[in-house]
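Novice: Build me a structure from this.
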Amino acid sequence: MVKIPMTELNRLIGFRRLHHQRISSQQFASPDAVVRWMGAMQAQDYAQVVWAVGARTQHPALSAVEQAVADGKIICTWAMRGTIHFVPPENARWMLKWLAARVVDASDRRLKQLELTQSDIHRCRDLCENALQGGKRLTRDQLLEVFDQGGIAMTGQRGYHILTQLAQRGVICMGAREGKQQTFVLLEEWIAPAPTISREEALATIARIYFTSHAPATEYDLAWWVGTTISDARLGIAGAGDALRRETIDGQTYFMGSENEPVATAESAYLLPGFDEFLLGYKDRGAVVTPDHMQRIVPGNNGVFRPMIVVDGQIIGTWTRAVKKGHTEVTCTPFTQLSDTHLALTNAAAQSYANFQRA
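Specialist: Below is the predicted model:
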């Protein structure tokens with residue numbers, strides 16, 4: 001067992017996660033390759049997730065990420081944990097079948113609160129399929145109007161929960177955007193056919209993808225990320241076999257991919273979006289952010305994560321953007337004073353984001 005001072009241990013874990021998440025090195029040539037590597041990227045905030053993808057590409061460009069979404073090379077749907085994610089198209093069906101199903105099975109109480117029955121959901125499914133078949137796409141408001149006219153009232157939160165139910169059951173997913181509005185399409189028409197896999201294969205596949213792209217991480221991190229039980233996480237780890245290796249550091253067992261790649265530990269600074277996998281990809285986030293700093297990333301623990309500044313593998317500040325005609329202004333708020341080197345690196349990262357918005 002390796003014993004490392006806590007501050008140095010956290011720094012090392014942060015550097016390794018930056019590397020394996022392809023933030024600090026080996027970035028990808030295309031946006032869809034990023035999503036394929038990461039497995040899933042939380043996407044309820046569109047402006048944030050496009051930068052999460054862009055930050056992991058060799059030549060970050062907003063237009064390239066949006067084109068990949070429009071072309072169906074990146075799928076946006078409620079794949080895990082009842083939350084919207086970017087996922088690879090070839091994995092979407094089995095992720096919905098084996099990972100999202102747990103959320104669907106636990107939704108009866110909420111549907112009852114909304115006075116929605118399974119018959120209502122099936123009715124909306126029929127209405128949805130009739131409205132979208134033949135390659136059509138509708139915005140959220142247009143699709144909810146179809147349901148309302150079909151006799152299912154769209155009051156309160158009923159519309160949102162019907163859409164999530166239909167997405168989690170593999171009926172619809174999000175398609176190309178119309179301006180700033182998301183649209184919905186039929187999943188069967190939007191995604192090419194793919195081989196089916198068993199539940200055991202799905203758990204093993206997601207474990208391999210997760211630990212390869214998020215290492216080092218624990219079995220509890222995997223269970224949280226997928227939204228499953230620790231027993232299923234362990235089943236997935238066992239199924240992944242030699243594709244994973246384990247390492248015990250300071251009494252904690254971490255898993256990672258089979259390749260033992262060198263990790264750069266040079267001084268660095270990155271501007272990452274809110275909801276980025278660097279923070280949200282783990283149940284235990286203490287390795288990359290202190291409790292005091294965490295309160296400033298998620299004020300009041302309200303579930304809304306602010307964009308973050310990462311210096312030498314640690315989250316040490318937040319940043320905001322203001323998109324104005326012809327340019328983007330980035331304002332950085334570090335929680336501690338930065339060295340001249342780190343300040344220069346942070347300014348360069350801000351310029352990279354501004355360039356991404358224009359490209």
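Novice: Do you have the strands of the protein handy? List them.
Specialist: Per DSSP state E, the chain carries strands over the ranges 41-42, 75-80, 83-87, 138-139, 172-174, 183-186, 244-249, 252-257, 269-272, 308-311, 314-324, 327-334.
Novice: in this protein, which residue is closest to the centre?
Specialist: Nearest to the mean C-alpha position of the chain, counting by C-alpha atoms, centre = their mean, stands residue 41 at 1.7 Å.
Novice: In contact with the closest residue to that one other than its chain neighbours, which residues are there?
Specialist: With C-beta to C-beta, 6 or more residues apart in numbering as the measure, residue 86 is the residue that lies nearest to residue 41, at 4.5 Å, once sequence neighbours are left out. In short, each C-beta sits where N, CA and C put it, glycine included. Neighbouring residues of residue 86 by C-beta atoms under 8 Å, 6 or more residues apart in numbering: 35, 40, 41, 43, 49, 53, 69, 74, 75, 76.
Novice: Can you give me the pLDDT of the third one?
Specialist: The one in question is residue 41. Residue 41 carries a pLDDT score of 98 in this model.
Novice: Relative to residue 180, how far out is it?
Specialist: The spacing between residue 41 and residue 180, counted by C-beta to C-beta, to the nearest Å, is 20 Å.
Novice: how far away is the residue nearest to residue 327 when sequence neighbours are not counted from residue 11?
Specialist: Using C-beta to C-beta, 6+ apart and skipping the chain neighbours, the partner closest in space to residue 327 is residue 354 (6.9 Å). For residue 354, the distance to residue 11 under the criterion C-beta to C-beta works out to 28 Å.
Novice: Can you show me the helices along the stretch 1-150 of the chain?
Specialist: Using DSSP state H, counting those that start in this stretch, the helices of the stretch 1-150 of the chain run over residues 6-20, 31-38, 46-54, 62-70, 89-95, 101-105, 108-113, 118-132, 140-149.
Novice: okay, those helices in TSV with distance to residue 189 next?
Specialist: Putting the helices of the stretch 1-150 of the chain into TSV (distance: least, C-beta to C-beta, whole Å) gives the following:
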stretch	distance to residue 189
helix 6-20	35
helix 31-38	19
helix 46-54	22
helix 62-70	15
helix 89-95	12
helix 101-105	21
helix 108-113	27
helix 118-132	8
helix 140-149	15
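Novice: Residue 216: which of these is closest?
Specialist: Nearest to residue 216, of all the helices of the stretch 1-150 of the chain, is helix 6-20, at 5.7 Å by C-beta to C-beta.
Novice: quick check: mean pLDDT across that closest one?
Specialist: Rounded to a whole number, the mean pLDDT of helix 6-20 is 90.
Novice: what residues are up against the nearest residue to residue 334 once chain neighbours are set aside?
Specialist: For residue 334, ignoring the flanking residues on the chain, the nearest one in space by C-beta to C-beta, 6+ apart is residue 317 at 3.7 Å. Shown in contact with residue 317 (C-beta under 8 Å, 6+ apart): 308, 309, 311, 332, 333, 334, 335, 336.
Novice: Please tell me how far the fifth one sits from residue 131.
Specialist: This means residue 333. With the distance defined as C-beta to C-beta, residue 333 ends up 46 Å from residue 131.
Novice: Who has more neighbours out of the two?
Specialist: More neighbours sit around residue 131 than around the other of residue 333 and residue 131, counting by other C-beta atoms under 10 Å; the figures are 20 against 11.
Novice: Just read off the phi/psi values of the residue lying farthest from the centre of the chain.
Specialist: Most distant from the centre of the chain: residue 151, at 34.7 Å, with distances by C-alpha atoms, centre = their mean. Backbone dihedrals for residue 151, given as degrees, to the nearest 10, come out at phi 100, psi 0.
Novice: Can you give me the end-to-end span of stretch 109-129?
Specialist: 26 Å (C-alpha to C-alpha, to the nearest Å).
Novice: and if you look at stretch 55-65?
Specialist: The first and last residues of stretch 55-65 sit 11 Å apart, counting by C-alpha to C-alpha.
Novice: Kindly report the same for stretch 261-275.
Specialist: Per C-alpha to C-alpha, the first residue of stretch 261-275 is 26 Å away from its last.
Novice: Averaged pLDDT, it. What do you get?
Specialist: 88.
Novice: how about that stretch: buried residues?
Specialist: Burial within stretch 261-275, assessed by neighbour count using 16 or more other C-beta atoms under 10 Å, is assigned to 263, 265, 268, 269, 270, 271, 272, 273, 274, 275.
Novice: for the first one, what are its contacts?
Specialist: This points to residue 263. Residues in contact with residue 263, defined by C-beta under 8 Å, 6+ apart, are 15, 16, 19.
Novice: which intervals of the protein have sub-threshold pLDDT?
Specialist: 1-6 (pLDDT under 70).
Novice: Repeat the analysis, applying 50 as the threshold.
Specialist: 1-3 (pLDDT under 50).
Novice: List of residues touching the helix ranked longest in it?
Specialist: In the chain, taking DSSP state H as the definition, the longest helix is helix 340-358. Counting by C-beta under 8 Å, 6+ apart, the neighbours of helix 340-358 from elsewhere in the structure are 51, 54-55, 60-62, 267-271, 309, 311-312, 319, 321, 323, 327-330, 332, 334, 338.
Novice: what's the answer for stretch 139-146, then?
Specialist: Under the criterion C-beta under 8 Å, 6+ apart, external residues in contact with stretch 139-146 comprise 127-128, 131-132, 138, 154, 159, 163, 178, 181-184.
Novice: 7 Å - rerun?
Specialist: By C-beta atoms under 7 Å, 6 or more residues apart in numbering, the list of residues contacting stretch 139-146 from outside reads 127, 128, 131, 154, 159, 178, 181, 182, 183, 184.
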